[in-house]
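Peer 1: starting from these lines, generate the structure:
(chains A, B, C, D and E)
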Amino acid sequence: MRTTDKVNKILSCFEADNAGTRGNLARILMEGHLGGTGKLIILPVDQGFEHGPARSFAPNPEGYDPHYHFRLAIDAGLSAFAAPLGLLEAGATTFAGQIPTILKMNSANSLSRQKEGADQAVTASVDDALRLGCSAVGFTIYPGSDAQYDQMEEIRELSAEAKSVGLAVVVWSYPRGGSVTKAGELAVDVIAYAAHMAALIGAHIIKVKLPSADLEVAESKKVYLEKRIEIVTQAERVRHVVQASFAGRRIVVFSGGAAKGEESVYDDARAILEGGGNGSIIGRNSFQRSYDDARKMLEKLIRIYKREEA
Amino acid sequence: MRTTDKVNKILSCFEADNAGTRGNLARILMEGHLGGTGKLIILPVDQGFEHGPARSFAPNPEGYDPHYHFRLAIDAGLSAFAAPLGLLEAGATTFAGQIPTILKMNSANSLSRQKEGADQAVTASVDDALRLGCSAVGFTIYPGSDAQYDQMEEIRELSAEAKSVGLAVVVWSYPRGGSVTKAGELAVDVIAYAAHMAALIGAHIIKVKLPSADLEVAESKKVYLEKRIEIVTQAERVRHVVQASFAGRRIVVFSGGAAKGEESVYDDARAILEGGGNGSIIGRNSFQRSYDDARKMLEKLIRIYKREEA
Amino acid sequence: MRTTDKVNKILSCFEADNAGTRGNLARILMEGHLGGTGKLIILPVDQGFEHGPARSFAPNPEGYDPHYHFRLAIDAGLSAFAAPLGLLEAGATTFAGQIPTILKMNSANSLSRQKEGADQAVTASVDDALRLGCSAVGFTIYPGSDAQYDQMEEIRELSAEAKSVGLAVVVWSYPRGGSVTKAGELAVDVIAYAAHMAALIGAHIIKVKLPSADLEVAESKKVYLEKRIEIVTQAERVRHVVQASFAGRRIVVFSGGAAKGEESVYDDARAILEGGGNGSIIGRNSFQRSYDDARKMLEKLIRIYKREEA
Amino acid sequence: MRTTDKVNKILSCFEADNAGTRGNLARILMEGHLGGTGKLIILPVDQGFEHGPARSFAPNPEGYDPHYHFRLAIDAGLSAFAAPLGLLEAGATTFAGQIPTILKMNSANSLSRQKEGADQAVTASVDDALRLGCSAVGFTIYPGSDAQYDQMEEIRELSAEAKSVGLAVVVWSYPRGGSVTKAGELAVDVIAYAAHMAALIGAHIIKVKLPSADLEVAESKKVYLEKRIEIVTQAERVRHVVQASFAGRRIVVFSGGAAKGEESVYDDARAILEGGGNGSIIGRNSFQRSYDDARKMLEKLIRIYKREEA
Amino acid sequence: MRTTDKVNKILSCFEADNAGTRGNLARILMEGHLGGTGKLIILPVDQGFEHGPARSFAPNPEGYDPHYHFRLAIDAGLSAFAAPLGLLEAGATTFAGQIPTILKMNSANSLSRQKEGADQAVTASVDDALRLGCSAVGFTIYPGSDAQYDQMEEIRELSAEAKSVGLAVVVWSYPRGGSVTKAGELAVDVIAYAAHMAALIGAHIIKVKLPSADLEVAESKKVYLEKRIEIVTQAERVRHVVQASFAGRRIVVFSGGAAKGEESVYDDARAILEGGGNGSIIGRNSFQRSYDDARKMLEKLIRIYKREEA
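Peer 2: Residues are numbered from 1 along each chain as shown, chains lettered A, B, ... in the order given. Predicted coordinates:
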């Protein structure tokens, strides 16, 4: 399958990576309805780990079944499907070769009293990713937390191993813990910083939350004002985060957080598109809707990203 | 020995597992009086480690002898027998090939002052399981405890090794410690969460306690009420836990806890059966009774699970 | 499943083996219609490797399909099924837990010009046996051939590894090559010697051909005559081979060679039974017959071994 | 990308393989113009190793450039591209994700005086296959040659490693050497035997030459005549080889050998199609033609395999 | 059990050995009726491997059962029991701790056409010796044969490993093959040479045959005559061999070869005693007699070595 110019341009940015890793990035970028556009939508299903099964799946009980998510991602023509070990084990063989998968390698849970930004458990290995046929491994870091240096060192090992065997590396970069305030977790200076660090530690695909217009760190606030960095609109903030991710040389996808109204999801996508982001990673907003609603919403999102509809 | 349709259906859910692991699951599911029904009763004898010998075996002193438990499990036609290293070493050769065994790989003890949910000692290896002819390894995690992430990382290693050599993995998922309250250890939202995490880290068989109707976590309480999740009866709660275990794609067995009246044990089994659980794991309630009483009780349980008696 | 006294007596002879290996021997000895009798019938399907597919399967073309042999062995209630790697891979998952399997680890082929007793290729590993859920590994040696010492050293390694992980070891001991004459391959002194060496190198189950009354080696011929070793009837010769296998402390099964008349197959079994052998390993004589004929023949064999019919 | 029923049926035969390996087989079977049909055309370019560059590429000097072959395979919509290490290294990054690649791991060369069926050099590793993003590894064995047992032992190691990391295994099974005559290399009994052995050592995809109606081995000749195995037409012979490959449970592709007339290439494909083979592996017949002629020929072949044209 | 002065003196000669190896030598030297005398009698049962079961055990069929030999050695109060892997496996657990055992690690067989002094198969490992609770490993070399250098290199590895884990090393040094004549195999210059080489390659216990008065090698014949080395009586020849074994710093035991008359066996012992040898290794001469005859003979031998009777 010939890769498009847009995809080739993205791939050429990963100049230190071997053909295996580039092939897996190509696989994600060429998959589904956005295949070849340079845009992507990823379905992540690790909320059961983070928040428990009822909070994740009770709104749409079909989601208790792992196969449901594989099917949703495939039927909707998404770019990739991300989940922890057990969930991928429950469907990887049935759906082998049908959608690129991302093995989410570490997870926290809300039963822990080490709530904000504490360590996580690494619950899978690169060998697991290979035997399950994954295209990438995913890893969460909490920039700002007391656990962040340990997490960065963990990802150093896993990422080095993953790259050597041709896998891509996705980093969920979520500022929290330490002296980061609740509002600060979404502050644009902090999000841009988090994206930049993900790039610096070697991520191919960076996942951050859509930033607010807040500025958290006193020293950076000064710079943002002085240098008149444009962060008023969501699109401007996306553009700034993309810039912070090696001026667009890394793939950046944005999550929208908790389930919310459809229009709000579309607005996010429009802003990501306008700001030059690579796409969305949409978990609860897709699988907590009914299958039909999710399919309709994802179709519209795809049309937005393909500029077939505003 | 041909496997039944019920067993084949269960085995087909373990699609990422090799023939060795599926064969060992089949061995457990085809063993004893419940063989082929898709239901199972496991005899676990690790309470000596957890509570000391006298608290465990004084009620029925025959239980001090490891051979007693092997014999009880075999004579009663149970599905498997689980115990720590030394206990299996004391009988595995005499009873080789007579009942599937599960090597319990980690254990805590009540002499430790790190009472609630602290770490445990890993006291055996996958090589031990192979030389002792075990069908599975067992591992306890304490979701919510401060040790939980370390435990999950330990089981990642052991589970990957066990699966690669064709063994099955049983996870005892016992919420405790950290900010989990005493009542919360049995709260249905917490138990469902614990079962879900066991599935996510790759368990084939999940062991949890029968949940109470309590709800522990504020955020989930809201969801249970809003979504009207049915948790009034024990059977409903079992059904919810099974749902949280990949919508029934994983085997779930329930323990009844401390020794109690017979009728209560039967009621538990009736609820497990009605709720679609896979069976019981019954330690103290069997070996703390006299041999004859235990046999009678287990026979009745088996008849209940076979629907030969209500 | 309680093991019978007969099986326990056999297992007790394997006193240096761990519980895992004894459990796998028990599994074979308790399987199928002969389960518990101390007798066994094994279906081996490696003739495709040795003689090519058409010579093996054209007489009954259903045999081209690996599943056919699994099914035949299971339906007929045999004790175990032995085959090379690829053939087990093609069915081990579908039939997981339904019949003990033996991974045949080395194979020769008749395209080789190193015809008689030359080396073989080792085409599988102990790890393969574990992931495929096998109960035993099988290995062929050619006593007398120039390759015999190398083969014995190969099996030393594989056997030590197999035993350490709880697998049983089956040795096909086929004298040939070197100065062994064609008639000598079946001579009773040579077959007894071959069985004895298989025992000495640590086999649990020894497979030899039914011996003729010939005596091959000059020095032993003298002893057989002087000591009046009884080798006139087939049963006497079987008894002698069993004696040479540590006085019955090892399991000995006999093959009947090329396809032949039914009565001849039954006569073989009667002689094996009378001589105290443990059973038959029947390849071409079963799978080269039609399914119905094979089933009928195997049923009669089982009745003979159970002394239900002479 | 949803896999078709035809592809799912083929994948289900690889029941001992992990999701990674099945995914890579799916990738090959879903690629290009034949994607989803269950048929495939592979472009192999290892003739430079076997026969030297001039004999391979002088007829169409563009072929000296590795990129030419990548481009040809991609432009023509083929299923996969197979080549030795250096050749893949020369293009794998440029064409990452554009076509499944097969790393040819061993090669002989015609400078060697060990002409017929001698050993080969293993010139690549499974790690190479991963870093180059390959979907499969390829390995040549020479059944009948004096080196065959060593080759089978080499592939045992490489194949086990490849399967464990989710790669597929392609075996080039070329009878030659030893007592195999020149005519015998193509004799249908020998080719069927070679295919069968490739299946027995664990190949997913088996590559053999189109067989002649000759019968080489005396013992098998008898069987073919007695059992009236149909081998008169090329399609019948293909059907027989497919049958010898586990009754169609393994993927079988045929090579046509030296460059020849177009019609002859189409006839081959028609026979493969009619006989139930999975496709063609076409090296010299494609790259020794001009780009335009090759494209035209491959398009027609694809139409034949899609039954769009007879 | 305090070791005697005689034993302490012998142990002190093994000054490079660790406490483990010395402890195992002490165990042999303190065992049975000769315990503490510095003399020893070893029962070796590897003739079944060398000559086949009938030639070995038909004279006294009880010997087909491995337990018979353990019992004979223990009942007769011998110093150690030596046998190949399978034979020790068949009794090592039953008789654990009852007699020091020596694992015979390599064996030839008389089915091989490579008769005189060709290579042997190494059929066991040092790990086997440890798991079977052996005190020593035994190894045969054929000085003079074409295989001798390979054998010496094999024993180098095994011996180094054995010594590092505290085992003793027994070397069977049997000149044969190459240019050694049949008579030369027993010639005193050759036997002394063989014993010396065994000492040089690191044996703790050296086993040679009782030498004849022949001289084989021209150059040594000259020296023996010139230097008037005393080799007329058996005792003189024994003394010479002991001298060649580091002037008595190594333990030397002598075998008497094929079964023969009682008196001849006693005469051998008297000569060994007089010549300062350490004892006898008596296989066929003990187990080919009836149990009672063997016991009587061994009792008399023990009295001779204890100088209780001439």
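
Peer 1: the residue nearest the centre of chain A in helix, strand or coil?
Peer 2: Closest residue to the average C-alpha location of chain A: A:Lys207 at 3.6 Å, with C-alpha atoms, centre = their mean. Counting by DSSP: H, G, I helix; E, B strand; the rest coil, the backbone at A:Lys207 sits in strand.

Peer 1: please name every helix or strand in contact with the helix ranked longest in chain A.
Peer 2: Ranked by residue count under DSSP state H, the longest helix found in chain A is helix A:148-164. Other elements packing on helix A:148-164 under the criterion 3 or more C-beta pairs under 8 Å, 6 or more residues apart in numbering or on different chains; DSSP states H and E are helix A:126-131, strand A:136-141, strand A:168-173, helix D:126-131. Where C-beta positions appear, they are placed from N, C-alpha and C, glycine not excepted.

Peer 1: still on that earlier bit, let me see the contact set for the residue nearest to the centre of chain A.
Peer 2: A:42, A:138, A:170-173, A:252-255, A:281 (C-beta atoms under 8 Å, 6 or more residues apart in numbering or on different chains).

Peer 1: same thing but 6 Å
Peer 2: A:172, A:253, A:281 (C-beta atoms under 6 Å, 6 or more residues apart in numbering or on different chains).

Peer 1: now A:Ala213
Peer 2: Contacts for A:Ala213 (C-beta under 6 Å, 6+ apart) come out as A:Ile231.

Peer 1: ok, back up a step: now neighbour count too, for the contacts of A:Lys207, in a markdown table please.
Peer 2: Below are those laid out as a markdown table (neighbours: other C-beta atoms under 10 Å in any protein chain shown):
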| residue | neighbour count |
| --- | --- |
| A:Trp172 | 25 |
| A:Val253 | 24 |
| A:Ile281 | 26 |
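
Peer 1: now those residues as JSON lines including pLDDT and distance to chain D?
Peer 2: JSON lines is the format used below for the contacts of A:Lys207 (pLDDT from 0 to 100; distance: C-beta to the nearest C-beta, whole Å):
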{"residue": "A:Trp172", "pLDDT": "97", "distance to chain D": "23"}
{"residue": "A:Val253", "pLDDT": "98", "distance to chain D": "19"}
{"residue": "A:Ile281", "pLDDT": "97", "distance to chain D": "20"}
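
Peer 1: what is the nearest of those residues to chain E?
Peer 2: A:Trp172 (47.1 Å; C-beta to the nearest C-beta).

Peer 1: bridged to the closest one, which residues?
Peer 2: A:Thr140, A:Lys207 (DSSP bridges).

Peer 1: returning to what we had before: now the longest helix of chain A: how far from the chain's centre is it?
Peer 2: 17 Å (C-alpha atoms, centre = their mean, to the nearest Å).

Peer 1: for that helix, buried residues please.
Peer 2: By 16 or more other C-beta atoms under 10 Å in any protein chain shown, the buried positions in helix A:148-164 come out as A:148, A:151-152, A:154-155, A:158-159, A:162-163.

Peer 1: flag the shaky bits of the stretch 151-300 of chain A, pLDDT-wise.
Peer 2: Along the stretch 151-300 of chain A, segments meeting pLDDT under 70 span A:257.

Peer 1: let me see the contact set for the residue in it positioned nearest to chain E.
Peer 2: Closest residue of the stretch 151-300 of chain A to chain E, C-beta to the nearest C-beta: A:Glu161 (32.0 Å). By C-beta under 6 Å, 6+ apart, the contact set of A:Glu161 is A:Val126.

Peer 1: that older thread, closest to B:Glu185 out of the contacts of A:Lys207?
Peer 2: Of all these, B:Glu185 sits closest to A:Trp172, with 30.2 Å by C-beta to C-beta.

Peer 1: distance check, that closest one against A:Lys104.
Peer 2: Counting by C-beta to C-beta, to the nearest Å, the gap from A:Trp172 to A:Lys104 is 8 Å.

Peer 1: okay, helices next: where are they in the stretch 1-150 of chain A?
Peer 2: Here the stretch 1-150 of chain A has its helices, by DSSP state H, counting those that start in this stretch, at A:5-12, A:19-30, A:47-51, A:53-57, A:66-75, A:85-89, A:126-131, A:148-164.

Peer 1: likewise the stretch 201-310 of chain A?
Peer 2: A:218-226, A:234-244, A:262-275, A:284-287, A:291-305.

Peer 1: mean neighbour count, these: which tops it?
Peer 2: Ranked by mean neighbour count under mean count of other C-beta atoms under 10 Å in any protein chain shown, the helices of the stretch 201-310 of chain A are led by helix A:284-287, which reaches a mean of 25.

Peer 1: quick one: it near chain B?
Peer 2: No. Under the criterion of C-beta under 6 Å from any C-beta of the partner chain, helix A:284-287 makes no contact with chain B; the nearest approach is 12.1 Å.

Peer 1: same deal with stretch A:47-56?
Peer 2: Yes. For stretch A:47-56, a contact with chain B is found by C-beta under 6 Å from any C-beta, at A:48-49, A:52-55.
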